[in-house]
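Undergrad: give me a 3D structure for the following:
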Amino acid sequence: MLAKILLNATLISLLFPYMMLAQNESEFQLSDYRWENRLLLVFAPSQENDDYQKQLEELNSNREGVLDRDLKIVHLFSDDASNIDGQQIDDKSTEDIYKKYEVTPGQYTVILIGKDGTVKLRTGNLLTNKEVFGLIDSMPMRQREMREQGE
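TA: Sure, this is the predicted structure:
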């Protein structure tokens, strides 16, 4: 019995660093999207929040415009599981994002992050696609993208 306990303890001590590495790899990082995507961080208490639902409806009304601008929507909730592209974001990463952008849990907030990783807009109001797209389209990087695409 003692030999079995020692064997298990040895195995755990040998595997622990690898288990921690795998855990850290699953953490969500906004920086993974830098230079590839613009991010629209939508903070809300839950998926049922009226402001969140209206914002999502607005964004979904022009998915082509969202995709054309390399815009990813990050859904961040204080009472529900957060996600991006249907992939769940772990609770610690969600907490870290709330802290980084100084958003009070339960508060509706929208933050636009440019491809360079900087905040371009922060508001507690609903945004129209016209407002979001207009701001993005006025950015130098987007201007270059449009020229390259021949728009």
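Undergrad: can you show me the helices along the chain?
TA: With helices called from DSSP state H, the chain shows them at 2-25, 50-60, 63-68, 91-100, 129-137, 140-149.
Undergrad: let me know the pLDDT of the residue lying closest to Gly117 once chain neighbours are set aside.
TA: Spatial nearest neighbour of Gly117, excluding adjacent residues (C-beta to C-beta, 6 or more residues apart in numbering): Arg34 at 4.6 Å. In this view, the C-beta of every residue, glycine as well, is placed from N, C-alpha and C. Per-residue pLDDT puts Arg34 at 96.
Undergrad: Asn60 now?
TA: Here the pLDDT value assigned to Asn60 is 97.
Undergrad: how far away is it from Asn129?
TA: Counting by C-beta to C-beta, to the nearest Å, the gap from Asn60 to Asn129 is 10 Å.
Undergrad: then Asn62?
TA: For Asn62, the distance to Asn129 equals 5 Å [C-beta to C-beta].
Undergrad: Phe28 too?
TA: Distance of Phe28 to Asn129, computed by C-beta to C-beta: 25 Å.
Undergrad: of the two, who's got more company?
TA: Per other C-beta atoms under 10 Å, whichever of Phe28 and Asn129 has more neighbours is Phe28, with 19 against 14.
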